[in-house]
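Undergrad: Would you be able to build a 3D model of this:
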Amino acid sequence: MQAYCLKCQTKREIKDPKAITMKNDRPATQGTCPTCGTKMFRIGKS
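TA: Numbers count the residues shown, from 1 in each chain. Predicted coordinates:
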């Protein structure tokens, strides 16, 4: 799954993706950028 990295300013594949649920009960995916190590986040079902 791809997400936008704010530090690299490009779309990249998420490293170690984890399915989470936000406070408002919406599904999301959280992981890290394989290049810079910044946290990446994508809202929506994974």
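
Undergrad: Can you show me the helices along the chain?
TA: In the chain, no helices are defined using DSSP state H.

Undergrad: Point to the residue nearest the middle of it.
TA: Note on the chain: the residue nearest the mean C-alpha position is F41, at 2.8 Å, using CA atoms, centre = their mean.

Undergrad: For it, give me its contacts.
TA: For F41, the contact set (CB atoms under 8 Å, 6 or more residues apart in numbering) comprises 3, 28-30. For glycine as for every other residue, the C-beta is placed from the backbone atoms N, C-alpha and C.

Undergrad: ok, now with 7 Å
TA: Counting by CB atoms under 7 Å, 6 or more residues apart in numbering, F41 makes contact with 3, 28, 30.

Undergrad: Which ones among those lie within strands?
TA: 3, 28, 30 (DSSP state E).

Undergrad: any chance of those residues in CSV, with pLDDT, neighbour count and distance to C36 too?
TA: Output for those, formatted as CSV (pLDDT from 0 to 100; neighbours: other CB atoms under 10 Å; distance: CB to CB, whole Å):
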residue, pLDDT, neighbour count, distance to C36
A3, 93, 20, 13
A28, 95, 16, 20
Q30, 94, 17, 16
